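A.B. asks: sequence-free structure coming up:
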């Protein structure tokens, strides 16, 4: 029957391992492959022949794997580039060595581009190997899906933190501003989702060029009206010329993306320097939003797992390659939320950014529309069941890259 390979790439999410668990479980239920190999540290580790046999992972471990944060196989930010023949040839030799017919790659935009590039190369060189993508990203910026696995859990955590810190902020009488920063390089989905809490006074997104003077005027207005101002900013917020508010944009993360972080601190200092408030508090969600397994959204875990299962099941068709599985919002008679799983060409998922709709953004940094609220609401509803250990913490597996 041959074997399959599954690997993870890019920034982890709270449910990225649920998709991995889905592939493993699907093959145990319907063994299309003799072995399921895990690529340690993504494509980078695969090129070094670092594989781990996942075929017979016990059911009890699969359940804990689903709630384990980070990437259980280890991740990478290695960019497999078109025209880099030695990498493609090396990967083929690894697949041939281990009799691997199919590779499943769990990742974001760049990872889906890797699926597309590998598929193109296979066709051009008449290589009988298949490449299938399973998406994930807390940024929620992939097309053509309704949302990406990982985003609902990140949004749930962001709203929990927003509401909790707003209550903490409101306990004081001293005048100060509060600025919360979320991930979101090119799209403001995660920052915008915080408005679901009902606690956000001002919202700064990458989709709207930042106007310093106008923003400060809105902050002053809030401070004059209520003596407080709770602000949420996306890390990718930028001025009209494209310059990021945040510091550290001279380096890159291995995918030629600017390394961001510091937008909230910049805004706080801007407000203090303008004399609008004497002090400010900054809360950076950063990696907490993508690793908080204790705040997994129920549908997020379920959908991430189902996408792993779906990718495996669809690979039964020998012609299924250069494809990515995804989630759409199904139409229901009562208008309630229901997922619909589909597959599309990898080329349609790669190298496109789905921005937060500008028609959902209120003017003057005032937040988002009711339509946007209704989009977010079902995604964070419900809690995934959690298996706890004797130490009172959620159980996690020992990551395969550390064994």
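C.D. replies: The structure has been received and is ready for your questions. If you're wondering where the values come from, they're calculated on a predicted model, not measured in any experiment.
A.B. asks: which residues does residue 399 contact?
C.D. replies: Shown in contact with residue 399 (Cβ atoms under 8 Å, 6 or more residues apart in numbering): 68, 70, 71, 72, 73, 74. C-beta here means a position set from N, CA and C on the backbone, and glycine is covered the same way.
A.B. asks: change it to 7 Å
C.D. replies: Going by Cβ atoms under 7 Å, 6 or more residues apart in numbering, residue 399 touches 70, 72, 74.
A.B. asks: ok, the last one to residue 116 distance?
C.D. replies: When distance is defined by Cβ to Cβ, to the nearest Å, residue 74 is 23 Å away from residue 116.
A.B. asks: Only the buried residues of the strand or helix carrying residue 375, if you could.
C.D. replies: Secondary structure from DSSP states H and E places residue 375 in helix 370-376. Using 16 or more other Cβ atoms under 10 Å as the test for burial, helix 370-376 gives 372, 373, 375, 376.
A.B. asks: Is the last one in contact with residue 155, as I believe?
C.D. replies: Yes. Residue 376 is within contact range of residue 155, at 6.4 Å (criterion: Cβ atoms under 7 Å).
A.B. asks: Quickly list what's touching both of the two.
C.D. replies: Jointly contacting residue 376 and residue 155 under the rule Cβ under 7 Å, 6+ apart are residue 193.
A.B. asks: low-scoring stretches of the protein, by residue?
C.D. replies: Residue ranges of the chain with pLDDT under 70: 247-261.
A.B. asks: in it, which residue is closest to the centre?
C.D. replies: With distances taken as Cα atoms, centre = their mean, the residue of the chain nearest its centroid is residue 137 (1.8 Å).
A.B. asks: Pop out the phi and psi values for the residue nearest to that residue when sequence neighbours are not counted.
C.D. replies: Of all residues not flanking residue 137 in the chain, residue 108 sits nearest, at 4.1 Å (Cβ to Cβ, 6 or more residues apart in numbering). With angles defined as degrees, to the nearest 10, residue 108 sits at phi -100, psi -150.
A.B. asks: do the same with residue 36
C.D. replies: The phi/psi pair for residue 36 (degrees, to the nearest 10) is phi -110, psi 110.
A.B. asks: Spit out the contact partners of it.
C.D. replies: By Cβ under 7 Å, 6+ apart, the residues touching residue 36 are 4, 6, 23, 24, 27, 54, 55.
A.B. asks: hmm, try it at 10 Å
C.D. replies: By Cβ atoms under 10 Å, 6 or more residues apart in numbering, the contact list for residue 36 reads 3-6, 20, 23-28, 52-57, 100, 104, 312.
A.B. asks: any idea how far residue 28 is from it?
C.D. replies: For residue 36, the distance to residue 28 (Cβ to Cβ) stands at 9 Å.
A.B. asks: so what's in contact with the two at the same time?
C.D. replies: Joint contacts of residue 36 and residue 28 (Cβ under 10 Å, 6+ apart) are 54, 55, 56, 57.
A.B. asks: one step back: adding distance to residue 184 as columns, could you present the buried residues of helix 370-376 in JSON lines?
C.D. replies: JSON lines is the format used below for the buried residues of helix 370-376 (distance: Cβ to Cβ, whole Å):
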{"residue": "372", "distance to residue 184": "14"}
{"residue": "373", "distance to residue 184": "18"}
{"residue": "375", "distance to residue 184": "16"}
{"residue": "376", "distance to residue 184": "14"}
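A.B. asks: Pull out the buried members of the contacts of residue 36.
C.D. replies: Members of the contacts of residue 36 classed as buried by 16+ other Cβ under 10 Å are 3-6, 20, 23-28, 52, 54-55, 57, 100, 104, 312.
A.B. asks: Filter these down to just the ones in helices.
C.D. replies: 20, 23, 24, 25, 26, 27, 28, 312 (DSSP state H).
A.B. asks: For the top helix by length along the chain, buried residues please.
C.D. replies: Looking across the chain with DSSP H, the single longest helix is helix 151-170. Of all the residues in helix 151-170, those buried under the rule 16+ other Cβ under 10 Å are 151-159, 161-162, 165-166, 169.
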